[in-house]
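S.K.: build me a model from this:
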Amino acid sequence: LRERTMKDLAELFPRRFNNKTNGVTPRRWLLDANPTLSALITEALGERWITDAGELRRLAPLAGDAAFRERFLGARRAAKERLAAWVGRALGQTLDPDSIFDGQIKRIHEYKRQLLNVLRIIILYERLRQSPNTAFTPRTFLFAGKAAPDYRVAKLIILLINRVAETIRRDPAARGRISVLFLPDYGVTLAERLIPATDVSEQISTAGFEASGTGNMKLMFNGALTVGTRDGATLEMARLAGEDNIFLFGLTAEEVQGSRGWYDPRWHYAHEPETRAALDLIAADQFSAHEPGVFAPLLDALLRGGDYYMHLADLRSYLETQARVGALYEDRHGWARRAILNVASAGWFSSDRAIAQYASEIWNVAAPAASGTRPNR
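M.R.: You can find the predicted model right below:
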């Protein structure tokens, strides 16, 4: 805001601009939404964390306790089984709780780069088609979110996700290894089912475009590991949990801005065979046999429109980072240790802290003393 969006106003009135990281309520997004995990946390810490999320930091030493890690994994598994059961009843689809539940749960927008995620899925699918016996950690890719009514490109991205999902679902080469599901009618009720079950939190917006984000905070409270660009609240997550406990990739905001004058996405098409193959599959109507050319606007935006949101620039780094995610998931206790440390670091992102900062640093009012009693929910 200071440097680009409202630069003139910030120079005139610098004191009017200050940062307060927003937050989410752990009482809805952990206590109520994830009863199995919240019960385990209460057993370990007592109830004080419910009204003082900073207490979650006392979970950190338990990341080194093998017995607690096992129970933590059991709580995570219960949430995945609850989601799988609901999806089976409501949508008639089968989810494998043994697979990585890899979720991108947010508004559909080009800068949030659901399209980058889809290109990654197409590349993984093509690898399995070409080498069916290759080692692969099974993944369930979960998408949810809504697009603005007149945002045509976002609607096409949703369509592409669903067409890729249908193609993969019909192909024996992918069966039991990759599945893709776009969950319809996203809202709070669906989020309360989906967020506790998600293993991997996709926070892959083009660096420099994400103000903060709150979905990433809800997922962190529930023990998901973040794959993200160096942007928004993901930077604070890395500072609090440690960069070793999340997965950062891609260009920085400074690199994005600095490359505007010379970046050419066609270089990636020419020099990266997997990138070219994925785009060629889309162009050849592999995912749109009954609607030839329907995805041409997406290809135009990437190759002829300059790829403003740097999808192709970050794709190789994204794939390499996701390979590290798959390798870590095979180490159950290594994964659990990092997930517990994420939950232990999540307290800063409580809305209680954000509201207290507003009260004391902007509104100049005293925050009420905490009673220590369990709130009504």
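
S.K.: distance-wise, check the closest residue to Leu31 other than its chain neighbours relative to Asp264.
M.R.: Excluding its sequence neighbours, the residue lying closest to Leu31 (C-beta to C-beta, 6 or more residues apart in numbering) is Ser38, at 4.7 Å. The way it works is simple: take the backbone N, C-alpha and C, and place the C-beta from them, glycine included. As judged by C-beta to C-beta, to the nearest Å, Ser38 and Asp264 stand 50 Å apart.

S.K.: and Ala173, which helix or strand is it part of?
M.R.: Element membership for Ala173 (DSSP states H and E) is empty, with no helix or strand holding it.

S.K.: got a list of what it touches?
M.R.: Leu128, Arg129, Pro132 (C-beta atoms under 8 Å, 6 or more residues apart in numbering).

S.K.: can you give me the distance of it to Ala79?
M.R.: 30 Å.

S.K.: from the chain's centre, how far out does the single longest helix found in the chain sit?
M.R.: When the chain is parsed with DSSP state H, its longest helix is helix 66-91. Remark: helix 66-91 is offset 18 Å from the chain centroid, using C-alpha atoms, centre = their mean, to the nearest Å.

S.K.: show me which positions of it end up buried.
M.R.: The neighbour-count criterion (16 or more other C-beta atoms under 10 Å) identifies 68-69, 71-73, 75-76, 78-80, 82-84, 87 as the buried residues of helix 66-91.

S.K.: kindly report the same for stretch 318-327.
M.R.: Neighbour counts using 16+ other C-beta under 10 Å place Tyr318, Leu319, Thr321, Gln322, Val325, Gly326 of stretch 318-327 among the buried residues.

S.K.: so the second one is in which element?
M.R.: With elements taken from DSSP H and E, the one containing Leu319 is helix 311-329.

S.K.: residues making contact with the following helix or strand past that helix?
M.R.: For helix 311-329, the following helix or strand on the C-terminal side (DSSP H and E) is helix 332-345. For helix 332-345, contacts defined as C-beta under 8 Å, 6+ apart pick out 41, 56-60, 62-64, 66, 68-70, 72-73, 76, 220-226, 237, 240-242, 244-246, 328-329.

S.K.: distance check, the residue nearest to Leu31 against Trp335.
M.R.: Note on Ser38: its distance to Trp335, by C-beta to C-beta, is 20 Å.

S.K.: again, but for Glu70
M.R.: Distance from Glu70 to Trp335, by C-beta to C-beta: 12 Å.

S.K.: same check, this time on Ile41
M.R.: Separation of Ile41 from Trp335 (C-beta to C-beta): 18 Å.

S.K.: what does Asn22 give?
M.R.: Separation of Asn22 from Trp335 (C-beta to C-beta): 28 Å.

S.K.: what of Arg129?
M.R.: Taking C-beta to C-beta as the measure, Arg129 falls 28 Å from Trp335.

S.K.: who touches the spatially most central residue of the chain in this structure?
M.R.: The centre of the chain sits closest to Glu202, judged by C-alpha atoms, centre = their mean, with a distance of 2.2 Å. Glu202 sits next to Asp102, Gly103, Gln104, Asn117, Val227, Gly228 when contact means C-beta under 8 Å, 6+ apart.

S.K.: so which of the residues you listed belong to helices?
M.R.: Counting by DSSP H, these place Asn117 in helices.

S.K.: surely Glu361 meets Lys20?
M.R.: Yes: if you go by C-beta atoms under 8 Å, Glu361 and Lys20 touch, sitting 7.3 Å apart.

S.K.: of those two, which one has the most company?
M.R.: Lys20 (13 against 10; other C-beta atoms under 10 Å).

S.K.: let me know the pLDDT of the residue nearest to the more buried one when sequence neighbours are not counted.
M.R.: Once flanking residues are discounted, Lys20 sits nearest to Gln357: 5.2 Å by C-beta to C-beta, 6+ apart. On pLDDT, Gln357 comes in at 91.

S.K.: also Asp331?
M.R.: Looking at Asp331, its pLDDT stands at 97.

S.K.: neighbours of it, just the number please.
M.R.: Using other C-beta under 10 Å, Asp331 has 11 neighbouring residues.

S.K.: mind listing what it touches?
M.R.: Taking C-beta under 8 Å, 6+ apart, one finds nothing in contact with Asp331.

S.K.: now the strands: where do they sit in the stretch 101-250 of the chain?
M.R.: 139-144, 178-183, 200-203, 225-228, 247-248 (DSSP state E, counting those that start in this stretch).

S.K.: turn those into a markdown table, including distance to Ala191 and mean pLDDT.
M.R.: Below are the strands of the stretch 101-250 of the chain laid out as a markdown table (distance: least, C-beta to C-beta, whole Å; pLDDT from 0 to 100):
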| stretch | distance to Ala191 | mean pLDDT |
| --- | --- | --- |
| strand 139-144 | 8 | 98 |
| strand 178-183 | 10 | 97 |
| strand 200-203 | 13 | 97 |
| strand 225-228 | 17 | 97 |
| strand 247-248 | 22 | 96 |
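
S.K.: any idea how far the residue nearest to Gln93 when sequence neighbours are not counted is from Asp171?
M.R.: Spatial nearest neighbour of Gln93, chain neighbours left out: Val87 (5.2 Å); criterion: C-beta to C-beta, 6+ apart. Distance, Val87 to Asp171, using C-beta to C-beta: 20 Å.

S.K.: do Lys146 as well
M.R.: Separation of Lys146 from Asp171 (C-beta to C-beta): 28 Å.
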